[in-house]
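Chemist: Fold the stuff below for me.
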Amino acid sequence: MKNLDAPTLALIDACSQASLELLQRNLTPHGILAASRTEAAEARRYTRIFGRDAAICVMAMCGSGVPALEQGAVASLDALAAQQAGNGQIPKYVDPEGRDADFWYLGCIDATLWWLIAVDHVRRHGRVGLSHWRREVERALAWLLAQEHQHFRLLQQNEASDWADIMPRSGYVLYSNALWYDVKRRFALDQAEATQYHFNHLFNPFQRDLPEYHRARLLRHYARRGRDDPGLYLSFVNLSFVGNEGDVFGNVLAIQSGLADSSMARRIVKTIGAARACEPYPVRVVLHPLTRQHALWRPYMARHQQNVVHQYHNGGLWPFVGGFWVMALARLGLHALAWPELARLARVNELGDWRFTEWFHGRTLAPMGMAGQSWNAATFLLARRALLGGAAAW
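Modeler: Sure thing, here's the model as predicted:
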């Protein structure tokens, strides 16, 4: 921070203020909306309380010192809990008025994971007791445990059923299992060590030591076949096919959750930096986008021409993920690198007169998606909090 000039520091402060204002504008009595109310946002149902979006926002709202946001954090989690399914799953999103809950086409696994992380955060840093949401937490954990492989201790899922909902990741997915380990750690669940062990052997099959489990050794064989070490964790591992497109978000979360040791964490940072994924703004979410000729390409990826190369989840630039990138750098003590990245994050949120654009084309940088994206504001605030050493950063 001491190496930043006065205009850059002023920009960071301005983004902090604009972020708090955006969260307050997007707050309803029932919780935080994914994006500001516009005709486009209404049509695409962004004016809903999303499990993953709201949970990330809750962590920024809790500890903000703004009474409305502090209350809104609890209200957001309450709204999602009120529409929890009978089997324990937290919805993908709920209507602010409590009239509708959606669970996505193939199920939405990460809404429950994020909700649990946010619950733990609010219990530790907010004004609710440790028993708040007790019954809902028990049911949510039971639902997740029912989807855990009983030897790998990793969650299993179908494709297109997490935040990257137009990507063909399936089986054991890096992003979801980074969150699962974090949930296990926060709630002191059994077998966390086994989850960590198999995470590092399945998603990083290029290390020398062989996994103990014979089925894990077979999966490693398939994963390594004809591939070089990418310097990152694989985005997913299935029976005989894997994802090595370079999932930035999943790898950053592996650092943030403590799954990556120091050596692996620094390899991830080096690989993302070498790919220039943060230029001019953090961060492109895929290093090697899937083309129509790729074996993993799915016809649904071309729906509305949304997930073609360098767009959306297939190589688009997402500022909210940039916030997690900065948090991961802060966790590693790389503050000299993280502060300039935070400044770039402020600049990308400022574009369009503080539009807080959802995502940008990975090459042309054309603004895409919704304006007034709540989690852009939230992860900026969390990243700044992490760099300042705030206890409520994560």
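Chemist: Skip the chain neighbours and tell me the closest residue to residue 257.
Modeler: Distances taken as C-beta to C-beta, 6 or more residues apart in numbering put residue 182 closest to residue 257, at 4.1 Å, once the chain neighbours are dropped. C-beta: built from backbone N, CA, C; applies to glycine.
Chemist: Mind giving me the packing neighbours of the helix or strand where that neighbour lies?
Modeler: Using DSSP states H and E, residue 182 falls within helix 174-186. If you count contacts as 3 or more C-beta pairs under 8 Å, 6 or more residues apart in numbering; DSSP states H and E, helix 174-186 packs onto helix 109-125, helix 134-145, helix 192-202, helix 248-256.
Chemist: now residue 322: how far from residue 106?
Modeler: Using C-beta to C-beta, to the nearest Å, one obtains 28 Å as the distance from residue 322 to residue 106.
Chemist: An error on my part: the question was meant for residue 272.
Modeler: Applying C-beta to C-beta, the value for residue 272 to residue 106 is 29 Å.
Chemist: for residue 191, same thing?
Modeler: Applying C-beta to C-beta, the value for residue 191 to residue 106 is 26 Å.
Chemist: hmm, back to that, any chance of the helices and strands packed on helix 174-186 in JSON lines with mean pLDDT, mean neighbour count and distance to residue 229 as columns?
Modeler: Output for these, formatted as JSON lines (pLDDT from 0 to 100; neighbours: other C-beta atoms under 10 Å; distance: least, C-beta to C-beta, whole Å):
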{"stretch": "helix 109-125", "mean pLDDT": "97", "mean neighbour count": "24", "distance to residue 229": "27"}
{"stretch": "helix 134-145", "mean pLDDT": "98", "mean neighbour count": "17", "distance to residue 229": "31"}
{"stretch": "helix 192-202", "mean pLDDT": "97", "mean neighbour count": "20", "distance to residue 229": "14"}
{"stretch": "helix 248-256", "mean pLDDT": "98", "mean neighbour count": "27", "distance to residue 229": "14"}
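Chemist: end-to-end on stretch 92-110?
Modeler: 8 Å (C-alpha to C-alpha, to the nearest Å).
Chemist: What lies in contact with that stretch?
Modeler: Applying C-beta atoms under 8 Å, 6 or more residues apart in numbering, the contact partners of stretch 92-110 are 28-31, 33-34, 45, 47-52, 79-80, 82-83, 85, 89, 91, 111, 144, 147, 155, 157-163, 165, 175-176, 179.
Chemist: where exactly do the helices run in the stretch 1-150 of the chain?
Modeler: 6-25, 39-43, 51-61, 67-82, 109-125, 134-145 (DSSP state H, counting those that start in this stretch).
Chemist: Spatially nearest residue to residue 124 (excluding sequence neighbours)?
Modeler: residue 392 (8.0 Å).
Chemist: Assign a three-state SS to that neighbour, would you?
Modeler: Counting by DSSP: H, G, I helix; E, B strand; the rest coil, the backbone at residue 392 sits in coil.
Chemist: going forward can the numbers begin at 42, since that is how I track them
Modeler: Sounds good: first residue 42 from here, last item residue 433.
Chemist: I'd say it and residue 162 touch.
Modeler: Yes - Residue 433 lies in contact with residue 162 (C-beta atoms under 8 Å); the separation is 7.5 Å.
Chemist: so what sits against both of those two?
Modeler: 100, 103.
Chemist: Report the residue spans of the stretch 292-435 of the chain with pLDDT below the cut-off.
Modeler: Within the stretch 292-435 of the chain, no stretch has pLDDT under 70.
Chemist: mind listing the helices for it?
Modeler: Counting by DSSP H, counting those that start in this stretch, the helices of the stretch 292-435 of the chain are 303-315, 360-372, 376-395, 415-428.
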